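J.: Turn this into a structure:
(chains A and B)
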Amino acid sequence: MRRSVISFTVFTVLLSFMLFGVTTYSADPIRIGFNLEITGAVAGYGQMGWEGAQLVREFVPMEVLGRPVEFVLVDNKSDKVEASNATSRLIEKEKVVAIIGPMTSGAMIAAGDIAEKKQVPILGPSTTSPLATQGKEYVFRVCYTDPFQAEIGAKYAYEDLGARKAAVLFDIANDYCVTLGQYFKDSFEKQGGDIVVFTQCSAGDQDFSAQLTAIKNANPDVIYLPNYYEEVGLILRQAKDLGLTQPILSADGVDVDEIWGLAGSSIEGLMHTAHWHEKAGMTDVGKKYISAYKEKHGGEVNSFGALAADCVLLVLDAIERAGSTDPVKIQAALQATKDLDVVTGNISIADNTAVKSVVIREAKDGNWEFKSIVNP
Amino acid sequence: MNASVFFQQLINGMSLGSLYALLAIGYTMVYGILRFINFAHSDIFMVGAYFAFFSIVIFRIPWPIAAILSIGLTALVGMAIDRVAYRPVRDAPRISALITAVGVSSFLENLGLVTVGARPKAFESPSFMSKLFHIGDAAITGVAIWVPVITLGFLIVMMYIVYKTKVGMAMRAVSTDIDATRLMGVDVDKVISYTFALGSALAAVGGILWACKYPKISPLMGVYPGWKAFTAAVVGGIGSIPGAMIGGFIIGLIEVMTVAISPGLSGYRDGVIFLVLVIFLLLRPTGILGETLKEKV
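T.: Next up, the predicted model:
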């Protein structure tokens, strides 16, 4: 009886300590919203982004201005309408000071309108389409733009691969793919090359044999596939089955672990314009990210997680410099970002876009091999 | 377009079309017997592919056993769906059953998203499916040869079941007059249950073959093939099993030839297919081989 009374007292004291401990620290967290593609057609990107953002917690203290930082996640279902709904919800109901995501340009164009109106900064980790930030003050992009990426791709095809005839197969249902396809065409033609086939598919398509047969018939020197990984995986397999042997060039959308399984052995030799590579220079925080990633998830690190992690670091830095959690002040601080070390390199913000270099990589023996780096 | 390119495109179209045909047979069979379009068919197709994926890739069950197992399991899922979702609305107006089917379809898709996740999974097809054959310049994968053979095989099996067996006779009786059939002492619910089992088994075969040809499976993989197979069933004449086969090939060929004739317009190919659906619904709702019916859903 006495023993139980003692243990009860000890327990109560311990419990009140714990409660006190918790209440003193969790007074008023700063909330950062995430508007990500957790389900739907391009769920891979959102899930990787979320993984990457979570990983930052492992090596960066989640505290700024003496207050803890909290992440609030809303799924935008890879849908444009859902993406703008998610933005409204994060701003009005969750009272976030900044939003990270969506990952894809189309969803960002929709979400950005809302954020712009409500004057809350929104950062796209991988929203490469120029339309995403066009005419917007509160929308940021933490990667290069598609015109730049496509131009580097076209240059690489023309100069390094020596291609004079190119075929383009792009997905018309996504702004990202359309922009890349169009800019690649313009840039390749400007250099004196010839686009022999300019053909489309649509997100969710699974059969590309008709387009690929047309490409085979035109016999180009290089094939440009600026599509998301789900399509690229199947296209590569079907291209190989049809006996296409030309080098294939893609963009940053294929940097997803699943591509290796989806494409099987047909991925060998695929080249693409990417955001980073270990051999292209590493920051301290980048090294920490890679080791934390390998410890937690194993396998290869992907760009999308790393870019989302960059967004977290950018926002934390901006809040710190702004000395305030007022979204308007955070926006001004974000625009003034200079020489900040993030996971994928050292970046500054100009025109609401991170100034970043393009890395070209090639799939070899189950790994992305470093080919070259092009600075802006 | 020279002859060898045309030949290659013809092969592309036929191999795609035979997959649509296999799915269309499932739509048409349930329609022929129950006068109701099972919109969940395309999601049962997805369920079949996932059963095969789990038994082959995760549990490492040998291929033939895994295929039979997943077909059997999918048939059970089909029967369960009928028991839970369709039987309670059997006597309600037909439109209720149709809306229930749309609901089941949406339920299965979202259940898939929650349980297996939205990220696509890579399917492992057996070597005889991915083997490559060459005829002149044209390349054919094993699956493109197997699919029409298997589809034709199932067509014959289905025709046999429906026209030559006792269960088939009961199915046809149900399709003519459900009340009269019940009065004759036939267990109507059981017959309908068998119909769903057969239809779902067909969907599973379609799902597995689809995954062999396009080895990327995701919870929404059935949506587009489902719509196109439904179009094929309408074009061929919904309710007619050989019609579904013909419709499937027609849709597959239209899809491929649209791109073949004008690669620059390939973005419109789905539009062309659904335009065909609209034209058929307006001008010949009974399709190529369909019988004239007084009521359509």
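
J.: What residues are bridge-paired with the residue nearest to A:G112 when sequence neighbours are not counted?
T.: Once flanking residues are discounted, A:G112 sits nearest to A:V139: 4.1 Å by C-beta to C-beta, 6 or more residues apart in numbering or on different chains. To be clear about C-beta, it is placed using only N, CA and C from the backbone, and glycine gets the same treatment. For A:V139, the beta-bridge partners under DSSP bridges are A:I122.

J.: All the strands of the stretch 201-350 of chain A, residue numbers only.
T.: A:222-225, A:248-250, A:271-274, A:340-342, A:345-347, A:349-350 (DSSP state E, counting those that start in this stretch).

J.: what number of residues lie near B:F6?
T.: Counted with other C-beta atoms under 10 Å in any protein chain shown, the burial measure for B:F6 works out to 15 neighbours.

J.: where's it relative to A:I114, distance?
T.: From B:F6 over to A:I114 the distance is 51 Å, taken as C-beta to C-beta, to the nearest Å.

J.: Next: B:V84.
T.: 40 Å.

J.: Also B:G185?
T.: Distance check for B:G185 against A:I114: by C-beta to C-beta, it reads 64 Å.

J.: More neighbours: these two, which one.
T.: More crowded of B:G185 and A:I114, by other C-beta under 10 Å: A:I114, with 23 against 6.

J.: Just give the nearest non-adjacent residue to the residue of the stretch 251-376 of chain A found nearest chain B, would you?
T.: Closest to chain B within the stretch 251-376 of chain A is A:G261: 3.2 Å, counting by C-beta to the nearest C-beta. Computed as C-beta to C-beta, 6+ apart, the closest residue to A:G261 that is not its neighbour in sequence is B:A122, at 3.2 Å.

J.: Buried ones in the lowest-mean-pLDDT helix or strand in chain B, by neighbour count?
T.: Taking mean pLDDT, DSSP states H and E as the measure, helix B:127-130 is the helix or strand of chain B with the lowest mean score, a mean of 80. Using 16 or more other C-beta atoms under 10 Å in any protein chain shown as the burial criterion, the residues of helix B:127-130 that qualify are B:129-130.

J.: what's the spacing between it and its chain's center?
T.: Centroid separation between helix B:127-130 and its chain, computed with C-alpha atoms, centre = their mean, to the nearest Å, is 22 Å.

J.: Quick check: B:A52 is in a helix.
T.: Yes. Secondary structure assignment (DSSP: H, G, I helix; E, B strand; the rest coil) places B:A52 inside a helix.

J.: Look up how far chain A lies from it.
T.: Summarising the geometry, the distance separating B:A52 from chain A, computed by C-beta to the nearest C-beta, to the nearest Å, is 16 Å.

J.: got the contact list for that residue?
T.: Shown in contact with B:A52 (C-beta atoms under 8 Å, 6 or more residues apart in numbering or on different chains): B:66-67, B:70, B:123, B:204, B:207-208, B:211.

J.: Can you check the pLDDT for it?
T.: As predicted, B:A52 sits at a pLDDT of 95.

J.: Quickly note the distance from it to B:P64.
T.: 11 Å.

J.: next one: A:A157
T.: The value you get for A:A157 to B:P64, if C-beta to C-beta is used, is 45 Å.

J.: between those two, who's got more neighbours?
T.: Just comparing A:A157 and B:P64: by other C-beta under 10 Å the higher neighbour count belongs to A:A157, 26 against 9.

J.: In this structure that one contacts A:Q246, no?
T.: No. Here A:A157 does not reach A:Q246: they are 10.5 Å apart, not a contact under C-beta atoms under 8 Å.
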